[in-house]
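Visitor: predicted model, plus sequence, below.
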Amino acid sequence: MQITPTRLPEVLVIEPKVFGDDRGFFTESFNQRVFDAALGGPTTFVQDNHSRSVRGVLRGLHYQLDPHAQGKLVRVVAGKVFDVAVDMRRSSPRFGQWAGFELSAENHRMAWIPPGFAHGFLVLSEVADFLYKTTDYYAPASEGAVRWDDPTIGIEWPALGVAPTLSPKDLAAPQLADAKHFA
Ligand SMILES: Cc1cn([C@H]2C[C@H](O)[C@@H](COP(=O)(O)OP(=O)(O)O[C@H]3O[C@@H](C)C(=O)[C@@H](O)[C@H]3O)O2)c(=O)[nH]c1=O
């Protein structure tokens, strides 16, 4: 397993070992011991999520505030997405900065999005199955969202030639200046 910090150093891209043979492949998609060693301490996941989206769908940018902040271990098992994290911690020197990376069924990459970061993704393939583990339960009253296209964040989303498809909730998300943030 190879772990590479992104330009937001707390956000990690994780490349598991993939054992390919005539039958297909085998990979450990989660190993508590290895993951804890990589993060330098124990992390407990309490929920597994699966979403399916078609090309051009953009989900995000989402987070949950304390006391229900979530760390997320995310991956794609069918298709390809451009995945993004944004630092939402007001006291961070990187507040409002973003990191983006491609996750796909082909590259087997996962990403660790720690608590305190907003998360979202744009689907680049015809369909994408997105799987993720979270360190806290879904808590809609603690949900926060920030606009995917806020110019002060300035995410460089890959061009698809069509406007992304967003949920009504995401279309109504506030700019960074008005978004709820972490201390
Ligand atoms: C996230 C979530 C949603 N739901 C329900 C609420 C709603 O009726 C339906 C769809 O919810 P949403 O529109 O919020 O789903 P979605 O836009 O896919 O939300 C997700 O986006 C990505 C980017 C994340 O990082 C996730 O943490 C989560 O916020 O599913 C749950 O029951 N449990 C959950 O954990």
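Guide: The structure has been received and is ready for your questions. Numbers count the residues shown, from 1 in each chain.
Visitor: so which bits of this structure are right by the ligand?
Guide: 49, 51, 59-60, 62, 72, 119-121, 138, 167, 169 (Cβ under 6 Å from any ligand atom). Where you see a C-beta, it was placed from the backbone N, CA and C, and this is true even at glycine.
Visitor: can you tell me which of those are buried?
Guide: 59-60, 62, 72, 119-121 (16 or more other Cβ atoms under 10 Å).
Visitor: among those, which two are most distant?
Guide: Using Cβ to Cβ, the pair of these lying farthest apart is 59 and 72, separated by 12.1 Å.
Visitor: returning to what we had before: can you list which of the residues of the chain next to the ligand are found in helices?
Guide: residue 169 (DSSP state H).
Visitor: show me which of the residues of the chain next to the ligand is closest to residue 129.
Guide: Distances from residue 129 to the residues of the chain next to the ligand, taken by Cβ to Cβ, are shortest for residue 51, at 7.7 Å.
Visitor: ok, now how distant is that closest one from residue 133?
Guide: 13 Å (Cβ to Cβ, to the nearest Å).
Visitor: got the buried residues for the top helix by length along the chain?
Guide: Ordering each helix of the chain by length in residues (DSSP H) puts helix 32-39 first. Residues residue 35 are the ones in helix 32-39 that count as buried (16+ other Cβ under 10 Å).
Visitor: the residue of the chain most remote from its centre and the ligand: what is the separation?
Guide: Most distant from the centre of the chain: residue 22, at 32.0 Å, with distances by Cα atoms, centre = their mean. The gap separating residue 22 from the ligand is 36 Å, by Cβ to the nearest ligand atom, to the nearest Å.
Visitor: how close does that residue sit to residue 108?
Guide: Taken as Cβ to Cβ, the span from residue 22 to residue 108 is 18 Å.
Visitor: okay, strands next: where are they in the protein?
Guide: 2-5, 12-15, 18-21, 24-27, 47-54, 58-64, 72-78, 80-87, 98-104, 110-113, 117-123, 127-134, 143-145 (DSSP state E).
Visitor: I'd like the mean pLDDT over the fifth one, please.
Guide: Read that as strand 47-54. Strand 47-54 carries an average pLDDT of 98.
Visitor: one more: the shortest one?
Guide: Along strand 143-145, the predicted local confidence has a mean pLDDT of 98.
Visitor: how about residues contacting the lowest-mean-pLDDT helix or strand in the chain?
Guide: Ranked by mean pLDDT, DSSP states H and E, the helix or strand of the chain with the weakest confidence is helix 32-39, at a mean of 92. Around helix 32-39, the neighbours that count as contacts under Cβ atoms under 8 Å, 6 or more residues apart in numbering are 1, 3, 12, 14, 28, 42-43, 73, 112.
Visitor: the closest residue to residue 73 other than its chain neighbours: neighbour count?
Guide: With Cβ to Cβ, 6 or more residues apart in numbering as the criterion, residue 73 has its nearest non-adjacent residue at 4.5 Å, and that residue is residue 133. Using other Cβ atoms under 10 Å, residue 133 has 22 other residues around it.
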